[in-house]
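*Asks:* need a 3D model of the sequence below.
(one chain, ligands or ions: 3)
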Amino acid sequence: MNPHRRNLLLRSAAAVAATAVRGPAFAIGGADATSADVHIELSAELDEVAIRPGAETRVWRYRAKLLAGAPAALDTSMLAPIIRVHRGQRVRIDLINDLPESTIIHWHGLHVPEDMDGHPRFAIAPGERYRYAFTVRNRAGSYWFHPHPHGRTGRQVYAGLAGLFLVSDDDEAALALPSGAFDMPLVIQDRNFDQDNQLVYPGGALAAAPQGGGMMGGRMGSMMGGMGGMGGMGGGMASMKGVFGDTILVNGVPNVLRPVERRAYRLRLFNACNSRTLKLAWSDNTALQVIASDGGLLDAPVRRDYVMLAPAERVELWVDFSRWPAGAGPVLESHAFDTGMGTGSMMRSMMGGDNTLANGAAFPVCQFKVGPAAVAGPAMPQRLTPMAPPQDRLAVNAARPKVFELTMGMMRWGINGLGFDMLAASELETVKLGTQEIWEFRNDSGAMMGMTMPHSMHIHGLQFRVIQRSVSGSHARGYDTVKAGLVDGGWKDTVLVMPGERVRVLLRFEDFTGLFLYHCHMLEHEDIGMMRNYRVVA
Ligand code: C2O
Ligand code: CU
Ligand code: CU
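*Replies:* Ligands and ions are numbered 1, 2, ... in the order given. Below is the predicted model of the structure:
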C-alpha cells in the first residue's frame, strides 16, 4: 500500500471516530435511515488513478458505498459514481469529507429543500459529515452532482469530484427506451496534464498537498477561498476566461474506442467541463436525434445537425448504430464555433499566449466501433412525454421581465454588477412561493471591455422553460455558428447565453421556501463572483 493511501485510511478512521454530523436531524418526514429506499455513503477523498499511460494521476473523487437499497441503485465502474433512482424514492446520502479542505455536494437539477441543495453556506470541514435525505420529485432525467464550496468549485470539480444522478419514472419506463448496456452515459471533460500525468490547474499543484489544512482548510477556508483560490496573474486571467484543457476525457479516460452493437442506443451526454462549451456533431454529418435535455424527455424527438452543450447542460440522443456498416467507426466530434471574442480585442491578444485548445476550437470527443451483425432493437418512439407549452402569460411579471445583466468589472464577473454574497438576496432576487416569473439574462455589457464570451446560466432548485432568445445585430454572424444547435423545447436548468444575446426563461417557484443559487456554470466565472442567491418567500 502506498503511503498516501495508508494516510488516507488513517485519516478516514479518525474522521469516523470524531465526526461532526451536519444536516437536518432528519428530513424524510421524521423517518430514520432504515426507511430510506436508497442509502448511499459518498466520501470525497484523495486517490490515484491510471488515466494516461505511465504514472497514475492524483485525483479527488467520490467513493460510493451502497448501504441500503437495490444493487442497481449504484454503479461504481467509472471514476464518477452513478446513482440510479426512481421518482418518488426516498434517498439518504451521507457525505463524508475526507479532503484537506471544506466541501459540500450540490444535486444539479434536483428539486429539493434549501438545506438539501448543497449551498456553499453548508460547506463542511475536513472530517465532517453532511446527511442528505430527500424524496426524488424530478421527472426521469439525467441529473448530476458535484461540489459547491464557494471559490473552490472549479478546482474541486477539475480534480475529479462529480457523479451522475439518473432518475427513472413510470412515463419513461412505458416508452421502453434502450436500457442496460444500451443506455450509455458519456461524461465529457477537458483537462490539462503535466509531464508526470498530473492535473494542472491555475494556482498550483492539484490534489497533492493539503491546501491550507487545519482551520484554513475548513469552514474558514471556504469563506476565504474566493480571494486566493486561483492565485497569481495566470490564475486571474483564467478566472476571467475559464480553464480549458487540451485533453478530452470521456467517462474519465482519454481516447477510448467504444465498441457498440449495431442497434439503437440511448446516449446521455453530460458537459462536465469547467468552462468549455461543446458543439456536438457526428463526423459524417449524420443528424442527431435529441430525445431529452436537462430536465428529462422532450415531448417528441428533434433533429439537429449539431447540438450546443454549455457547461453543465445535458442532452440525450437516440442513436441507431445499425445505420453504419459493420466495423465502421463514427466519431462524435465538437465542431468549431464563434465564441464572440473578436480578433484584435484586448482579451484576444492577452490570451494569445496560451497553447491549450481554445474554447470554440474543433476536436474529436469519442469514437465508436460498430459491431459485426445488426441486432434487433427498439424503434425510436415518435412521441415521448407530453409537455404543456410554457404559460408565460401567467407570470406575475409577464409585462416586465426581471433583467439580469452578466457583467464584468474590476476583472471580476458579476450579475447586475454584484458579486457573490453568501447570505444575501436583493429585492429583485426575492420571489414568492407558488408564482411564476420571467427572468431575462443579458450578455451584452462585457462588450465595453472587449470581453464578451458565452455564459452558461444555471438556476438551482427547479427546472425552467426557455421562452425567448434575441441577439443584437453586431453579434448575429457569430450567433449563426451556434443557433441551429440550441435545444430549448424541454425542461432546462442551465442555458447557454451567447455574446450579444438576451435569453428569457420562465421559472416556477414551488414547494420550498429559502435561499437558492443562480450562477454561471463556467466554474471559474462562478468562483470569482458570477453567482448570486435568490430567495423564495412564503
Ligand atoms: Cu451544477 Cu450551482 O451548480
Ligand atoms: Cu445546480
Ligand atoms: Cu460565465
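
*Asks:* what segments of the stretch 1-150 of the chain are helices?
*Replies:* Assigned helices in the stretch 1-150 of the chain, in chain order: 3-17 (criterion: DSSP state H, counting those that start in this stretch).

*Asks:* how deep is residue 505 tucked in, by neighbour count?
*Replies:* Neighbour count of residue 505, defined by other Cβ atoms under 10 Å: 25. Where C-beta positions appear, they are placed from N, C-alpha and C, glycine not excepted.

*Asks:* what mean pLDDT does the helix or strand harbouring it get?
*Replies:* Using DSSP states H and E, residue 505 sits within strand 501-508. Averaged across strand 501-508, pLDDT comes to 98.

*Asks:* give the pairing partners of that strand; include direction for each.
*Replies:* Neighbouring strands of strand 501-508 in its sheet, by DSSP bridges, are strand 436-442 (antiparallel), strand 465-471 (antiparallel).

*Asks:* and the contacts of the first one?
*Replies:* Residues from elsewhere that reach strand 436-442, judged by Cβ atoms under 8 Å, 6 or more residues apart in numbering: 391-392, 394-398, 401-406, 431, 455, 457, 459, 467, 495, 497, 501-509.

*Asks:* filter these to the buried ones?
*Replies:* With burial judged by 16 or more other Cβ atoms under 10 Å, the buried subset of those is 392, 395, 401-402, 404-406, 431, 455, 457, 459, 467, 495, 497, 501-509.

*Asks:* about what we covered before: among the contacts of strand 436-442, which are in reach of ligand 3?
*Replies:* By Cβ under 5 Å from the ion, the members of the contacts of strand 436-442 lying near ligand 3 are residue 455.

*Asks:* before we move on, the earlier item: now, of the strands paired with strand 501-508, which is deepest in the fold?
*Replies:* Most buried of the strands paired with strand 501-508 by mean neighbour count (mean count of other Cβ atoms under 10 Å) is strand 436-442; its value is a mean of 21.

*Asks:* list the contacts of residue 428.
*Replies:* Neighbouring residues of residue 428 by Cβ under 8 Å, 6+ apart: 402, 416.

*Asks:* meant to ask about residue 309
*Replies:* Taking Cβ under 8 Å, 6+ apart, one finds 188, 269, 271, 277-280, 315 in contact with residue 309.

*Asks:* over to residue 170?
*Replies:* The contact partners of residue 170, by Cβ under 8 Å, 6+ apart, come to residue 87.

*Asks:* now it. Its backbone dihedrals?
*Replies:* Residue 170 has phi and psi values of phi -70, psi -40 when expressed as degrees, to the nearest 10.

*Asks:* pLDDT value on it, please?
*Replies:* Residue 170 is assigned 98 on the pLDDT scale.

*Asks:* against residue 478, how distant is it?
*Replies:* Here residue 170 is placed at a distance of 43 Å from residue 478 (Cβ to Cβ, to the nearest Å).

*Asks:* my read: residue 384 touches residue 299, true?
*Replies:* Yes: counting by Cβ atoms under 8 Å, residue 384 does reach residue 299; the two are 5.9 Å apart.

*Asks:* quick one: which of these two has more around it?
*Replies:* For residue 384 and residue 299, the more surrounded residue by other Cβ under 10 Å is residue 384, and the numbers stand at 21 against 14.

*Asks:* secondary structure class for the more buried one?
*Replies:* Assigned with DSSP: H, G, I helix; E, B strand; the rest coil, residue 384 falls in the coil class.

*Asks:* so how far is stretch 435-448 off the chain centroid?
*Replies:* In terms of Cα atoms, centre = their mean, to the nearest Å, the centre of stretch 435-448 is found 21 Å from the chain centre.

*Asks:* average model confidence for that stretch?
*Replies:* Across stretch 435-448, the average pLDDT comes to 86.

*Asks:* using PDB, list the CA coordinates for it.
*Replies:* Coordinates of each C-alpha in stretch 435-448 appear next as PDB, following Å, rounded to 0.1, in the frame of the first residue of the first chain:
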ATOM      1  CA  THR A 435     -45.700  32.100  -8.500                       C
ATOM      2  CA  GLN A 436     -44.100  32.100 -11.900                       C
ATOM      3  CA  GLU A 437     -41.600  34.800 -13.100                       C
ATOM      4  CA  ILE A 438     -39.900  35.700 -16.300                       C
ATOM      5  CA  TRP A 439     -36.100  36.400 -16.000                       C
ATOM      6  CA  GLU A 440     -34.000  37.800 -18.800                       C
ATOM      7  CA  PHE A 441     -30.300  37.100 -18.900                       C
ATOM      8  CA  ARG A 442     -28.500  39.800 -20.900                       C
ATOM      9  CA  ASN A 443     -25.000  39.100 -22.200                       C
ATOM     10  CA  ASP A 444     -24.100  42.400 -23.600                       C
ATOM     11  CA  SER A 445     -22.400  44.600 -21.100                       C
ATOM     12  CA  GLY A 446     -19.000  42.900 -21.400                       C
ATOM     13  CA  ALA A 447     -18.700  44.400 -24.800                       C
ATOM     14  CA  MET A 448     -17.500  47.600 -23.300                       C
END
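
*Asks:* so, in contact with ligand 3 or not, it?
*Replies:* No: between stretch 435-448 and ligand 3, judged by Cβ under 5 Å from the ion, nothing touches; the nearest distance is 8.7 Å.

*Asks:* re the thing from before, could the strands paired with strand 501-508 go into TSV alongside distance to ligand 1?
*Replies:* Shown next, in TSV, are the strands paired with strand 501-508 (distance: least, Cβ to the nearest ligand atom, whole Å):
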stretch	distance to ligand 1
strand 436-442	15
strand 465-471	18
